[in-house]
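Undergrad: sharing a model that was predicted from the sequence below.
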Amino acid sequence: MNGLDNEKDRAALKSRLEEELADTTFTSHTKVLQRTHPSSRRAGLHALWNRELEFTVKPGSLIIGTAALLLLLASPYAVHTLHNTPFPSDKRELIEAGGNVYWEDIYRKEVKRLEN
């Protein structure tokens with residue numbers, strides 16, 4: 001008897017829903033099908049490009065990501081300090097040697113290296 005009540009309730013709900021939606025019509029069947037099932041490669045790439053991405057950020061991954069970003073930003077400074085090369089200053093001079101133009105400090109360093 002419980003199953004019959006359930007079927008009667010379903011039938012009543014279905015008829016009520018059909019009555020309420022009788023005036024509503026859906027006219028964009030083809031547009032929806034084209035967007036959900038693209039026919040060409042270009043349409044498929046367009047659908048892929050327009051997909052929304054959602055990233056969840058948890059506290060642990062936020063801390064690790066921030067630390068990685070700081071390491072990446074600090075690495076150029078670390079490379080210069082490990083090799084004891086000074087950062088270029090704004091007062092560097094250009095010199096011409098052998099028809100080519102060089103920074104003076106780099107040229108002198110290379111000449112000194114080649115002489116030894």
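TA: Cool, the structure landed. Numbers count the residues shown, from 1 in each chain.
Undergrad: switch to C-alpha atoms for all contacts and neighbour counts from now on
TA: OK.
Undergrad: what strand or helix carries Phe26?
TA: Using DSSP states H and E, Phe26 falls within no helix or strand.
Undergrad: ok, it - how many residues close by?
TA: 5 (other CA atoms under 10 Å).
Undergrad: what about the strands in this protein?
TA: Counting by DSSP state E, the chain has strands at residues 94-97, 100-103.
Undergrad: closest to His46 out of the ones you listed?
TA: Nearest to His46, of all the strands of the chain, is strand 100-103, at 49.4 Å by CA to CA.
Undergrad: let me know the average pLDDT across the top helix by length along the chain.
TA: Longest helix in the chain by number of residues (criterion: DSSP state H): helix 59-82. Per-region confidence: helix 59-82 scores 81 on mean pLDDT.
Undergrad: just checking the distance from that helix to the centre of its chain.
TA: 19 Å (CA atoms, centre = their mean, to the nearest Å).
Undergrad: in it, which residues are buried?
TA: Of the residues in helix 59-82, none count as buried by neighbour count, 16 or more other CA atoms under 10 Å.
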